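Novice: Need a 3D model of the following:
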Amino acid sequence: MESSRKDILHVLLKFLIILVFTISVTGQQPNDALQGFSNFDKQQPNQECVIPVLMQGQWYSYEDGKDNDHTIEERDMSEKGRCIQMKYHDADSVYRNFFFFDNGECKTCVALYYRTANVLEKKQSACQRSDREVSMESLCNEIEQEGLTLTTMFAKSPKFQNCRESFEGVWQFAYEYETKFTGRCNHPLSNITACQRPGTSFQIDNQRFTMNYRKCPEVADSFDYQYWYSCLGTWASELNGNRYIVVANMGENQDFLKYRCFVDRTDQPLLMTKSRIASCNELNSAREGYEMLQLKQLKSETVEPGCKFPDNFTGKWINTANYNSKVLINSTHIYELSQPDQGAAEPLYFVCKESRDRRYMVAKLGVGGCQVDYICYDFTIRHHNIIRWRAGRAFPRKDFRSVCAWSAFDNEAHWRYNTYLSANPYAIECPIRGKYQFTQDGESRLTTRIGPTARPWDPEETCSIWESSLQICSDDPNTIKIDVERCYSLDYRARPTQFKYDVVDYNLQCIGFWQEDTIGFLVTYDKEDAFSKYRCWVYQRQSYGTLFISRSARSACGNHQRPWSNSSFDGASVRLTLVENERKHDNCPMNFDSGKNPWKEHLFLNYLNSVPTLCVSLGVFILSLVLSINS
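Specialist: Presented below is the predicted three-dimensional model:
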């Protein structure tokens, strides 16, 4: 107890010594000194002003018709002085910072925006005299107001970047100027060539591109010239959707002529503008600027085919693994026009080079691309309206043993085949038959599309029982008919009667089914589905009269979709639990095909109204007839 008292007295004595020393040096009263300690604690997070390393260095900008050089160090900026305070958001501290500088004559607030390793953008407030009490908040509020333009700052010693994000491939362009000449020069040899060279010992080969201008005889003042541009990076604006590409012509000695900026849109890269000076701020859109370009991709490589695809692969398809992109297949080529959610469509060519059993090695070519990649496709035999496939990883060299080795494919535990679906599907017999009542659970449940006609109804039409219904009957075995809510109505003989105002909600045509991992897969086509005409259903029998079936969120089957899935996490939108609901006079017998062999012909023997009816497919009938004649 005595030792603890001594410790407390020792601490108090130290505090009094520090307080007396502070008063003697600063001349403050005790209350003021204590207040100073309090203010220091509050301002400590803002007192430490350290400019991020990514923003430090030597920079160049073109402002007000003059060349300007800037030096940014850890705590200083040329002409602005010492940084005394900074402000930033924790989640965005590197990319946008506000700095409060004082050079002894005036104070300035400067906002620096990190764009790439070679580009900063700057906004700054007016300079206020240092002898006046000016807060950082009041000066930086000027920057937030409209009217101040951004200034582009370029690294004096740039670190070149790979051009793949900026330009990739070969592009022919037409060019015109806002003031230089009238008209558009569209010469077939005017092009941008940005070809990647994998494995090159000279890294600079992938960090620059050529821009070739050609003179048009009918356009005066057009010219012949070739520029070599090095890539300094690219970024996209969240405000207007513009994409900015910054380049440097290292053959120029003057910084004013060295740096240039291109602008296009992330969703429309075929229109572009180029800056007149070393600044990105004069470009507001891809359609208006000093120099306007219209681009067209060129196919720069030609590959001769070396094998053929199966005959029944030819035709028009959609690729469910790539946002329902359009696919055209002939005997030697696969042409795919990808349609991503954002950006322009990207055409791809796949040329058959070599095949063995189910594996096909193809050369992948992009329109505008310079590089040929080799990929292996593993195709299953076509069934119904479906081609199932999976692709291995890309290789730069043509070697069947390496490209089509099984190790080149995705061998995770839960891999599945992707699908090509026929663009013009025909209906097939559904693998499930019968009449069911269902309950549903999921994020996007089935709803009544049309439903009963709004009241008033005919007084003679009444309904006391409503039920859900899913049926695939012998009178239309190719269609799944779903009623979310229908009238359960029987006459005096217990036979079903047609309710006057009842309309089927969903008519889904079955176009293909198969089995993977002991689970059945069914693809349906519904032309009235506004979100996706194609849907994948995963089904499994739980008991003799009960089934689980889940519907995909889009056309592709979810990678983790199971019959009991009901969430988008698994790639499903809704789960239905089907319970057999056939009554005596419904004439809708139950049948179940697991999809294990989708190529077999079906033979159904149904007993309807106590009279046996033999339903035989046309192929089985012809085969039986031929065998009987031969015998």
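
Novice: where along the stretch 401-550 of the chain do the strands fall?
Specialist: Ranges of strands in the stretch 401-550 of the chain, per DSSP state E, counting those that start in this stretch, are 418-422, 432-442, 466-472, 479-487, 506-516, 519-525, 534-543, 546-552.

Novice: Any chance of these in JSON lines with mean neighbour count as columns?
Specialist: (C-beta placed from N, C-alpha, C; glycine too.) Output for the strands of the stretch 401-550 of the chain, formatted as JSON lines (neighbours: other C-beta atoms under 10 Å):
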{"stretch": "strand 418-422", "mean neighbour count": "22"}
{"stretch": "strand 432-442", "mean neighbour count": "18"}
{"stretch": "strand 466-472", "mean neighbour count": "19"}
{"stretch": "strand 479-487", "mean neighbour count": "20"}
{"stretch": "strand 506-516", "mean neighbour count": "21"}
{"stretch": "strand 519-525", "mean neighbour count": "23"}
{"stretch": "strand 534-543", "mean neighbour count": "20"}
{"stretch": "strand 546-552", "mean neighbour count": "22"}
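
Novice: ok, and what's touching stretch 476-487?
Specialist: Outside stretch 476-487, the residues within contact range by C-beta atoms under 8 Å, 6 or more residues apart in numbering are 427-430, 432-433, 446-448, 451-452, 463, 465-472, 499, 502, 504-510, 524.

Novice: Quick one: end-to-end distance for stretch 314-326.
Specialist: End-to-end distance for stretch 314-326, by C-alpha to C-alpha, to the nearest Å: 13 Å.

Novice: Tell me how far that stretch lies from the chain's centre.
Specialist: Stretch 314-326 has its C-alpha centroid displaced from the chain centroid by 17 Å (C-alpha atoms, centre = their mean, to the nearest Å).

Novice: What of stretch 230-241?
Specialist: 17 Å.

Novice: Could you give the separation between the terminal residues of that stretch?
Specialist: 24 Å.

Novice: Touching it from outside, list them.
Specialist: Contacts of stretch 230-241 (C-beta under 8 Å, 6+ apart): 115-119, 154-155, 158, 160-163, 165-167, 204, 207-209, 242-250, 259, 265-267, 284-285.

Novice: Check stretch 394-404 too.
Specialist: So stretch 394-404 is in contact with 198-199, 353-354, 356, 359, 361, 363-364, 371, 373-376, 392, 408, going by C-beta under 8 Å, 6+ apart.

Novice: For it, buried residues please.
Specialist: Going by neighbour count (16 or more other C-beta atoms under 10 Å), the buried part of stretch 394-404 is 395, 400, 403-404.

Novice: Take that stretch, keep the C-alpha atoms, and write them as CSV.
Specialist: Extracted in CSV, the C-alpha atoms of stretch 394-404 (Å, rounded to 0.1, in the frame of the first residue of the first chain):
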residue,chain,number,x,y,z
ALA,A,394,-5.0,-21.3,-73.2
PHE,A,395,-1.6,-22.2,-74.5
PRO,A,396,0.7,-20.0,-76.7
ARG,A,397,2.0,-23.0,-78.7
LYS,A,398,0.4,-25.6,-80.9
ASP,A,399,1.0,-28.9,-79.1
PHE,A,400,-1.9,-31.3,-78.8
ARG,A,401,-0.3,-33.4,-76.0
SER,A,402,0.0,-30.3,-73.8
VAL,A,403,-3.1,-28.4,-74.9
CYS,A,404,-5.5,-31.3,-74.7
